[in-house]
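Asks: Following is a predicted model, sequence given first.
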Amino acid sequence: MEFRLSDKSLLPVLIALLLLGSGLSLAVGAMHITWQDVVAGLLHWSWPGALELDVPDQYALVLGEIRLPRLLLGLIVGGTLGMCGAVLQGMFRNPLAEPGIIGVSSGAAVGAGTVLVFGSVLAGTLGAWMGTLFEQVQWFLLPAFASAGAILATWLVYVLGDRGRSVVMMLLAGIAVSALAGAVLGMFAYVATDTALRDMTMWQLGSLAGATWTSVLVTGCIFIASSALLWLRAGDLNALLLGESEARHLGVDVLGLKRQIIVLNGIAVGAVVSVSGIIGFVGLVVPHIVRLLRGPDHRFLIPYSALLGGLLLTVADTIARSVFAPAELPVGILTAIIGAPFFLFLLWQQRRQIF
Amino acid sequence: MNFPKPCNWRWKWKRSLSRLFGASALMLVSSVALAVPERVISAGHSITELVLALGGGDSLVAVDSSTRLPADFRVLPVVGYYRHLPAEGLLAQNPQLLVGGNHMGPANTLTLLENSGVGIVQLPEAESGEQLLENIQRLGEVLGKPAEAVKQSVEEQLASLARARAALSQPPRILFVRAQSGRGLKAAGVGTSPDSLIRLAGGVNVVTFDGYKQLSDEALVELRPDWILFSDDQADQLRDGAELLVWQPLLKLTPAGKRAAFFAVDGYALLGGLGLASLREAKKLNDKIAVDR
Amino acid sequence: MLLEISDLSIRYPRAESPLLEHISLSFQCGEVTALLGPNGCGKTSLLRAISGELDYAGHIQLLGRPQTDWYRSQKARRALARRYGLLAQHSNLNFAFTCREVVQLGLGPGSLSRAEQETRIQHYMQCADVWHLRDRLFPSLSGGEKQRVQLARVLSQLSLADPNDEKILLLDEPTSALDLKHQHEVLTLAREVADEKTAVIAVLHDLNLAARYADRMVMLARGRIQADGTPANLLQPALIEQVYGYRGQLVDVAGYSALL
């Protein structure tokens, strides 16, 4: 008999934890703010002057401009990584597929690095071509290039990795693509200015410190759109787990499904990497936990992975920015410390051949 | 006739939008002259050094992780590296002023700080004595401290260095390296702090490329450095330079290698452009190369 | 005709000679056809070509339409899936689905009510004698158990077809991993399925099983059809030697001919 939790017990617990984690994330930080002041400060920030509240402006600013966008970005980034991990693992039919491990994030970093290093050249060319319209879409350059890089990397790993038929080939292809991305980034580093170089280094160790309302808005829209579209293919993904031929016989357009996944996944990961850098292992750990609790059915796996990913990253980020306060630890280091041993455990467990 | 007020919603919309996009309405605040600040955060070692020299130590509430405070100074919170300052960590110190170099960041932290009314002063990295003097003047103004004494001392040191440079019959060829265990040597080129230091001391930097770059083994011999410098944080690892000859035997073919002419520079004199420590180190270096001739 | 193959040739890239050459076959409703032949004669490749997974030369008419037509639109794909099922030789599902969930995948997210889904899942799992395994994890089963669960899934998939529609069921070595009892049960089941407006085509290795349960036997060897007819006509030592290169002996056991 297999242990499975029902939605009735799992969903309320997860949502409660999510609210708790969010509350914690808003209440904890370098600045000591009591929870009463957190509530008052948020109200004051949302409707300044509307309520007769006695809160320092400082609190309102910290809550409204720093902690709240950061919390939301954490939920979005964690949610995207959790969901993308689940979907990639479904497509590769392997639980070791993860944006960080198979080089998708590195691909995105190369895309982002292109904009960082050659930004002025790109802006010049595109500006001349698009005229004033360019001014309005300039902010889009970074996520767009990062997405393109991620899509290219996924496709490469998928084709080189024997279309997911072999774990070894997939991991080797991931290593190869990561190495290639590393080489390209190294090349960029050679020609980059000092500032661009520092920014690129930051990319390797993801962090949510760059949270602004703009980044929340951009990644949030992409997250909602891509997760909705991917969730619509949950049934097809389930069929794909049986095998490509089996899925085909169940009426699934396998090629179209895979194309859609590679593109949507690339867009989502690219957008996230462009604001937070590479945050590894969330996409690996989260779907695995969900599978243990709720089973491998993608209709549940996708939304639960998004929820749990958001929760996990928010909590990790709260820890990362409070242990060394007032300084901060990049959250990517923390997720790697937790995630890398977990990856080894999964690798070891592969012998059992049941995911 | 009674028209409804049309701009009400619009104003609100605009305000929330400006909030969404990291409000810039308060940006002008920073350029307004400040009263003498009582709570100051300093980011970057060379800047903190100047703050202390100007007598601003009492108002310091936090520093960044690249700063080394004097041993007898009181313990201050460290707010992270000057390029990745955390907005909330800074705000939690309730500062009135943040001073740092022009590489201080990230931009969104600075924007948020400005929005909350914190004054921000970014000083250009000094590559020359003139820039250093300007920085001291500016810092004195924003801290409300007299800068004359410090400026005078710096001017004297600069003048003494200029005399020392003039006294050198021929400027020695100098190479600054950063040894990377097992991966050869990186050399400091044009636009780096070691480059400024070398020029100040009266030497010629043997490499002419920009920034820090890996040096090819053969180029090393071709460059014929008379002196090889490294940062003193590597002094132990390199056994005061002797280890360099083991790592890179080709160095023995250079004038510096033949005479074991190595010099360990205070690492803090190499961060964020020229500072007071750099002047001291330049003088020390100059003494060395002058004796040599 | 439910399935009509005309002038079909399959050639793998870089192969010296074609695997199958100018094969023409047709299959009809209500018939169980056993596809026989030595290893590597192209039986599985033939099934894969029919499923459109393999490039071929020639023409395949599937359920009244050219085969490629069925893959033109999503609607056509789904329509085909309800009337056309294939049980693969091996199953490589490694994710921890329970057997019940695997069978449910055959029913898809479709239009059936929950209760109706449950009824059908139970029915087909009982047919394949795997109902007792319903809560076990699929990857933890033995090869034969896996095969029977997959059979239940394919049968539940075909149950979605309109009752008036004719169907095709392809079985690729359905008995290879099964014990004696289940070999007979599964082929009995195939017979019953054939009676429900279905053409069943099964790749088999056991001539005696084929002779006992199939209406028709097709023998492939050396890229061509060597024989096509009723079991009674085909179970001849001379013909079998020609196909397999092994001369057996035919004996009569309780009214059945058996090859030893």
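Replies: Structure received.

Asks: Count residues in the vicinity of the closest residue to chain A within the stretch 101-250 of chain B, would you?
Replies: Using Cβ to the nearest Cβ, the single residue of the stretch 101-250 of chain B nearest to chain A is residue B:116, 4.7 Å away. To be clear about C-beta, it is placed using only N, CA and C from the backbone, and glycine gets the same treatment. Neighbours of residue B:116 under the rule other Cβ atoms under 10 Å in any protein chain shown: 21.

Asks: and the spatially closest residue to it that is not a sequence neighbour, helix, strand or coil?
Replies: Counting by Cβ to Cβ, 6 or more residues apart in numbering or on different chains, residue A:61 is the residue found nearest to residue B:116 once chain neighbours are left out, at 4.7 Å. Under the three-state scheme (DSSP: H, G, I helix; E, B strand; the rest coil), residue A:61 adopts helix.

Asks: doesn't residue B:90 make contact with residue A:61?
Replies: No: using Cβ atoms under 8 Å, residue A:61 is not in contact with residue B:90; the gap is 11.9 Å.

Asks: With neighbour numbers in mind, choose between the two.
Replies: Neighbours per residue (other Cβ under 10 Å) separate residue A:61 from residue B:90, with residue B:90 holding more: 28 against 23.

Asks: Quick check: the gap between the residue lying closest to that one once chain neighbours are set aside and residue A:61.
Replies: Nearest residue to residue B:90, sequence neighbours excluded (Cβ to Cβ, 6+ apart): residue B:79, at 5.6 Å. Look at residue B:79 and residue A:61: by Cβ to Cβ, to the nearest Å, they are 17 Å apart.

Asks: so how many other residues sit close to residue 34?
Replies: Picking chain A for this. Per other Cβ under 10 Å, the neighbour tally for residue A:34 reads 11.

Asks: wait, chain C
Replies: For residue C:34, the neighbour count with other Cβ under 10 Å is 28.

Asks: and it, how far is that from residue A:328?
Replies: From residue C:34 to residue A:328 the distance is 70 Å (Cβ to Cβ).

Asks: try residue A:60
Replies: Residue A:60 is 21 Å from residue A:328, where distance means Cβ to Cβ.

Asks: the more surrounded of these two?
Replies: The residue with more neighbours, out of residue A:60 and residue A:328, is residue A:328; 25 against 21, by other Cβ under 10 Å.

Asks: Surely the more buried one forms part of a helix?
Replies: No: counting by three-state DSSP, one finds residue A:328 to be coil, located in no helix.

Asks: Let me see the contact set for it.
Replies: Counting by Cβ atoms under 8 Å, 6 or more residues apart in numbering or on different chains, residue A:328 touches A:207, A:209, A:320-321, B:80, B:84, B:86, B:89.

Asks: sec struct for the closest residue to chain C within the stretch 201-350 of chain A, please.
Replies: Here the residue of the stretch 201-350 of chain A nearest chain C is residue A:251; by Cβ to the nearest Cβ that distance is 3.1 Å. Here residue A:251 is recorded as coil under three-state DSSP.
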